[in-house]
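1. Prediction below, plus the sequence it came from.
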Number of protein chains: 2
Amino acid sequence: MRVSHLFTKTLKNAPADEVAKNAQLLIRAGFVYKEMAGVYAYLPLGLRVLENIKAIVREEMNAIDSNELIMTTLQRKEVWEKTTRWSDEVVDVWFKTRLKDDTELGLGWSHEEPIVEMMKQYIHSYRDLPVSLYQFQPKMRNELRAKSGIMRGREFIMKDMYSFHASKEDLDAYYEKVIEAYKRVYDRLGIGGDTYVTFASGGAFTKFSHEFQTICEAGEDVIYLHREKNIAINEEVLDDAVVELGITREELEPVKTAESGNIFNFGSQKTDEMGLYYTDAEGKQQSLYIGSYGIGITRAMGVIAEKMSDEKGLVWPKSIAPYHVYLVSIGDVDEEATKLYGELKAAGITVLFDDRDERPGAKFSDAELIGLPYRVTISRRLLDEGKLELTYRATGETEVLTPSEVLAKIAEM
Amino acid sequence: MRVSHLFTKTLKNAPADEVAKNAQLLIRAGFVYKEMAGVYAYLPLGLRVLENIKAIVREEMNAIDSNELIMTTLQRKEVWEKTTRWSDEVVDVWFKTRLKDDTELGLGWSHEEPIVEMMKQYIHSYRDLPVSLYQFQPKMRNELRAKSGIMRGREFIMKDMYSFHASKEDLDAYYEKVIEAYKRVYDRLGIGGDTYVTFASGGAFTKFSHEFQTICEAGEDVIYLHREKNIAINEEVLDDAVVELGITREELEPVKTAESGNIFNFGSQKTDEMGLYYTDAEGKQQSLYIGSYGIGITRAMGVIAEKMSDEKGLVWPKSIAPYHVYLVSIGDVDEEATKLYGELKAAGITVLFDDRDERPGAKFSDAELIGLPYRVTISRRLLDEGKLELTYRATGETEVLTPSEVLAKIAEM
C-alpha cells in the first residue's frame, strides 16, 4: 500500500476527551477513529491488525476442532428469560431495542444463551458430541464508564467459543486443551511472557474459573503473582486460593493487569436450566456439560498498543503488524523505490510505501508513530553505494546493507 | 472438513413460520439458523459462502483503489440530525437504544452520515482527494415485515462504499468505474447474465440513480426490460425514462427482480449539509462530491439460493460454494477414502468428506441438498476397477473416471 493512497493521516493530537494511551496512539497513527466513548471504527491500518489477530486465533481454535460460525447481534428476550439473565438487575450491561410491533429485543453482550438454544436443533444423541463452536462477534455492552480506549468497548470484537460434552471428564479434558491453545495465541501475539493463567471466581460447578491476565499498567484488574511458582490469583478469590494452593499471601506480588481472556466451566447448570439434553447409548436422557471461552480481540490490540509502544509511537510485533516494512524514499528515487517496493512484495513481505513528497524527518516520525517492525530507507546516496538502510523499530538500531541482505534479514525474523 | 465433525445436520423440514424458499433450503441444508424473522445466524457452511462472496467483492473494490475499514453499529444522534435523517418520520427503519445516562443512540442502518462526519478529520485539501472507502458491515433495519428469508434481513451484511471527489467530473468517472466493477462481481457470482443496470429514482443532483436488479421470482421489485437494447427501468421512473431513452412502454417486458446492488450520486448535497469541504490549489473552500455504492452480501447469497436450486436442494456455483467437492465413501473403504481426501486437498480442492456410517442414499440426498458443484464417490467396486464416480450437481450427470481424470476435470472448471 502506498501512503499516498491511504486516506488516513497521522495526527499531532488525539481528541481532548481521549484519556487512554492505547486509543491516543491508535487515533494519532490512523488506526482507529473514535465514534464516541467506548465505540471505535477500525481504519485500514487498524482493520489489518484486527484481521491478523483473528487469523492467529482462528488457526488455534481450528486446531482444537472448533467450528467457526457467526451469530446475531439482535437477540430474543424469551431465550434470556430462561436463565433470568434478561433482567437488567441481573445483567447490568444490556442495550435493548424494540421491533415496530413493540417486541423487546436485546443486543448481544454475550451469546451463551442463544448458542445453547440453537444447539437444541443439532444435539440429540451422544453421537452428536462433543461439539465446539466459535465466532468473532461484535459485542455490545452498555458500560457506565468507558475510559480505557479499545481495552473496554461499548462495542467491541470478541472471540467467544462454546463447547458441549457428554460428560464432566470430557469437558475437563477439552478445557485443558483450550488453556494450551490460548497460551499459543498469546505467545504468537507477543504477550505470552506477560500473560498468566489466573485463578478467578468459579460458578455453581467449579471452585475456580480461569482468566488470562496480561501485565499492563493501564489494566483495570490486579492479580497476585507468585513469579517463581508461576501462580497468579485474582483478588476476588485470593483467600480461598492461597489455602488451596498451599502458599502464603506474603509470597505474592500485586500487579496491574488486563483480562485478555477467560475460560469458564459451566458444568450442566446452564443446559439444565435451558432444557438442552442428550440421549445416551442406552436411550436415557442425560445432562450436557458445557464450557465457554473468550478472547477480547479488540482488547488484545489495545493491550499490545499499551505495552508495545514508546514515546515515539507504536511498536507492533511482526505477527500482527499491519505491514512488515515501512519503505521511505528520500529525494528523486521514484523509479528505484517503486522497483524495490515490487521486489519486497514479490518476496512475500507486506509494505507500506511512503511515496509522498515530504521531507525525510516527517516520513521518519510517521514511520515511528505507525510502528511497523522494519523501516527500509532508499536514497540516491545509498543507491550509489549499492546499499539500503534497515532500521528496527523496537531497538532503533540501523544497519546499512545490500538489498539482498535486507531481504534476508526481514525474512529470517 | 469431515461431515462427522460438522455439528450441523440436514433437516427434513424448515421451521413452519419460514415462508421464503431461500431460507427454507439454507436452514434445511445447515447453512443458516433462524434467530427470528429477518435475523439469521450463519453456520459453518453458510459462513464459508459469505466469506467467498466477500472475497470476490473485496478483490473488485480493491481493484478500483478503495480502502477497506469497519465502522460501528452504535451511532450518534447528532451526526444524523445534521441531515434530518435521525427522525423516525424521515427514516422508518431505525432501531434505537440508550446509554445508561439516557443518551439516545441509533443502530446503523446506513453509514453515509457517520462516514461523511469522520472524513472531516482526513479531508482538508485537494491533495487529499479522491478517496474511496468500503466496509462489510452488519446493518440493522427495523423492517415492518421480513418474509423474504435472507433476502430482506432486519440484521444483514452489506458492502457499502463511499467515494469523495473534488469535482463532479471526477465523481462521474469513478461512478462509471464502480458500474464496471459491480458487473464483474455479479459475473463472478454467477448471476451476471440475469443482473441489469437499472434506471431508478435519483436525488436532488441527478435525474436517475442506478440499481443492479437480478431477475428472481422471489424478488420484491419489478423492472421493465428491453432485452434487445439491454435497457432496464425501475417502475418508479418508468414514464421519465422511456422519454429520455427514446423507447416506448410497449417494447418493455415487466419482470420480477431483487435489488442486488445500488449506486447513488449524491453530488455535493450531503457534504454541504454536513459541512465537509476542501481547499483548492488557490486556497478557496470548495464543495465535495460524493457517491455511495451498496451490495447486499447476505441478499446476494439469498438470491443465488433462490435462483440456483432445484427440488433436491441448493446448486452453488463453484466461485462461492462452501467446498468444491462432496466426497462420499460407500462401505468399508475408510483408508482409501481418507487418502483420496488428502490428495484432493493437496491439489487445492476444498472437500466436504462424508465419512459417516450412513447408507449411500442418505449421503447422496445430503450431497444434493447441500449442493456442492461436484460429488466424488468412492466404493470397493469402483476401486477394484481403478475408478471413481464424478457427479455434477448442476446437471446430475455422472462419469466413471480414473482418479487423475477426476482431479483434472475439477481443476479445469
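-> Perfect, I can see it now. Numbering: from 1, shown residues only, chains lettered A, B, ... in the order given.
2. Please, where are all the strands along the stretch 251-400 of chain A?
-> With DSSP state E, counting those that start in this stretch, the ranges of strands along the stretch 251-400 of chain A come out as A:253-267, A:277-279, A:285-287, A:289-296, A:309-310, A:313-314, A:325-330, A:351-354, A:374-379, A:388-392, A:398-401.
3. Tabulate those strands in CSV, adding columns for mean pLDDT and distance to A:Asp240.
-> (Each C-beta comes from the backbone N, C-alpha and C, glycine too.) Listed next are the strands of the stretch 251-400 of chain A as CSV, based on pLDDT from 0 to 100; distance: least, CB to CB, whole Å:
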stretch, mean pLDDT, distance to A:Asp240
strand A:253-267, 95, 16
strand A:277-279, 98, 32
strand A:285-287, 97, 26
strand A:289-296, 97, 21
strand A:309-310, 98, 37
strand A:313-314, 98, 40
strand A:325-330, 98, 50
strand A:351-354, 98, 50
strand A:374-379, 98, 48
strand A:388-392, 98, 46
strand A:398-401, 97, 53
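4. Output these as TSV; include the columns mean neighbour count and distance to chain B.
-> Converted to TSV, these look like this (neighbours: other CB atoms under 10 Å in any protein chain shown; distance: least, CB to the nearest CB, whole Å):
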stretch	mean neighbour count	distance to chain B
strand A:253-267	21	18
strand A:277-279	18	13
strand A:285-287	13	18
strand A:289-296	24	13
strand A:309-310	16	21
strand A:313-314	22	18
strand A:325-330	24	18
strand A:351-354	24	13
strand A:374-379	23	22
strand A:388-392	19	26
strand A:398-401	14	30
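5. could those go into TSV alongside distance to B:Leu11?
-> Formatted as TSV, the strands of the stretch 251-400 of chain A follow (distance: least, CB to CB, whole Å):
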stretch	distance to B:Leu11
strand A:253-267	27
strand A:277-279	18
strand A:285-287	21
strand A:289-296	23
strand A:309-310	51
strand A:313-314	49
strand A:325-330	50
strand A:351-354	48
strand A:374-379	52
strand A:388-392	56
strand A:398-401	61
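6. nearest to B:Leu314, of the ones you listed?
-> Counting by CB to CB, B:Leu314 lies closest to strand A:277-279 out of the strands of the stretch 251-400 of chain A; the figure is 28.8 Å.
7. helices and strands around the closest one, which ones?
-> strand A:285-287 (3 or more CB pairs under 8 Å, 6 or more residues apart in numbering or on different chains; DSSP states H and E).
8. For A:Val303, which residues are in contact?
-> Applying CB atoms under 8 Å, 6 or more residues apart in numbering or on different chains to A:Val303 gives the contacts A:Asn22, A:Met151, A:Ile191, A:Thr214, A:Cys216, A:Gly219, A:Ala258, A:Ser260.
9. Relative to A:Phe199, how far out is A:Arg249?
-> Between A:Arg249 and A:Phe199 the computed distance is 14 Å (CB to CB, to the nearest Å).
10. what number of residues lie near the residue of the stretch 101-250 of chain A found nearest chain B?
-> Nearest to chain B, among the residues of the stretch 101-250 of chain A, is A:Val131, at 4.4 Å (CB to the nearest CB). Look at A:Val131: counted by other CB atoms under 10 Å in any protein chain shown, it has 21 neighbours.
11. The one 4 residues further on now?
-> Using other CB under 10 Å, A:Gln135 is surrounded by 21 other residues.
12. For the residue lying closest to it once chain neighbours are set aside, give the beta-bridge partners.
-> In space, not counting the residues next to it along the chain, A:Gln135 is nearest to A:Ile70; the distance is 5.1 Å by CB to CB, 6 or more residues apart in numbering or on different chains. Per DSSP bridges, the residues bridged to A:Ile70 are B:Tyr42.
13. my read: A:Ile70 touches B:Leu47, true?
-> Yes - using CB atoms under 8 Å, A:Ile70 is in contact with B:Leu47, at 5.6 Å.
14. buried stuff in the longest helix that chain A contains?
-> The longest helix of chain A (DSSP state H) is helix A:168-189. Neighbour counts over helix A:168-189 (16 or more other CB atoms under 10 Å in any protein chain shown) mark A:Leu171, A:Tyr174, A:Tyr175, A:Val178, A:Ala181, A:Tyr182, A:Lys183, A:Arg184, A:Val185, A:Tyr186, A:Arg188, A:Leu189 as buried.
15. same deal with stretch A:118-128?
-> By 16+ other CB under 10 Å, the buried positions in stretch A:118-128 come out as A:Met118, A:Met119, A:Gln121, A:Tyr122, A:Ile123, A:Tyr126, A:Asp128.
16. does that stretch come close to chain B?
-> Yes - interface with chain B: stretch A:118-128 contributes A:Met118, A:Met119, A:Gln121, A:Tyr122, A:Ile123, A:Asp128 (CB under 8 Å from any CB of the partner chain).
17. how close does A:Asp92 sit to A:Leu144?
-> Taking CB to CB, one finds A:Asp92 at 8 Å from A:Leu144.
18. mind checking which of the strands of the stretch 251-400 of chain A is nearest B:His324?
-> strand A:289-296 (31.4 Å).
19. Just give the number of residues close to the residue nearest to A:Gln135.
-> 21.
20. before we move on, what about A:Leu133?
-> Neighbour tally, A:Leu133, other CB under 10 Å: 23.
21. what helix or strand is it on?
-> Per DSSP states H and E: A:Leu133 is located in strand A:131-140.
22. show me where chain A has helices.
-> In chain A, the segments counted as helices under DSSP H are A:21-28, A:44-63, A:77-81, A:112-119, A:168-189, A:238-245, A:269-274, A:297-307, A:334-346, A:360-370, A:380-384, A:403-412.
23. which one of these is the most hemmed in?
-> Greatest average neighbour count among the helices of chain A goes to helix A:297-307 (a mean of 26), per mean count of other CB atoms under 10 Å in any protein chain shown.
24. What is the distance between that one and the centre of its chain?
-> 7 Å (CA atoms, centre = their mean, to the nearest Å).
25. What residues does the stretch 101-250 of chain A have near chain B?
-> So the stretch 101-250 of chain A meets chain B at A:105, A:107, A:114, A:118-119, A:121-123, A:128, A:131, A:133, A:138, A:140, A:142-144, A:154-155 (CB under 8 Å from any CB).
26. Output the lowest mean pLDDT helix or strand found in chain A.
-> helix A:238-245 (a mean of 89; mean pLDDT, DSSP states H and E).
27. List the residues that contact the most centrally placed residue in chain A.
-> For chain A, the residue nearest the mean C-alpha position is A:Ile297 (2.5 Å; CA atoms, centre = their mean). A:Ile297 makes contact with A:Leu50, A:Ile53, A:Lys54, A:Val57, A:Phe136, A:Phe156, A:Ile157, A:Met158, A:Lys159, according to CB under 8 Å, 6+ apart.
28. Per-residue confidence at A:Ser209, what does it come out as?
-> Looking at A:Ser209, its pLDDT stands at 88.
29. Next: A:Thr298.
-> Note for A:Thr298: predicted pLDDT of 98.
30. residues in contact with stretch A:161-176?
-> Under the contact criterion CB under 8 Å, 6+ apart, stretch A:161-176 has outside partners A:61, A:64, A:66, A:111-112, A:115-116, A:119, A:123, A:126, A:129-135, A:178, A:263, A:265, A:267, A:271, A:278, A:280, A:286, A:288-294.
31. and A:Ile129, how far is that from A:Ala63?
-> Wrong residue type there; residue A:129 is Leu, not Ile. According to CB to CB, A:Leu129 and A:Ala63 sit 20 Å apart.
32. swap that for A:Gln269, sorry
-> 28 Å.
33. can you check A:Asp310 too?
-> A:Asp310 is 34 Å from A:Ala63, by CB to CB.
34. do A:Val32 as well
-> 30 Å.
35. Next: A:Met161.
-> Plainly put, A:Met161 is 13 Å away from A:Ala63 if you go by CB to CB.
36. A:Trp373 against A:Lys318, yeah?
-> Careful, residue A:373 is Pro; it's not Trp. Yes - applying CB under 8 Å as the test, A:Pro373 and A:Lys318 come out as touching, 4.8 Å apart.
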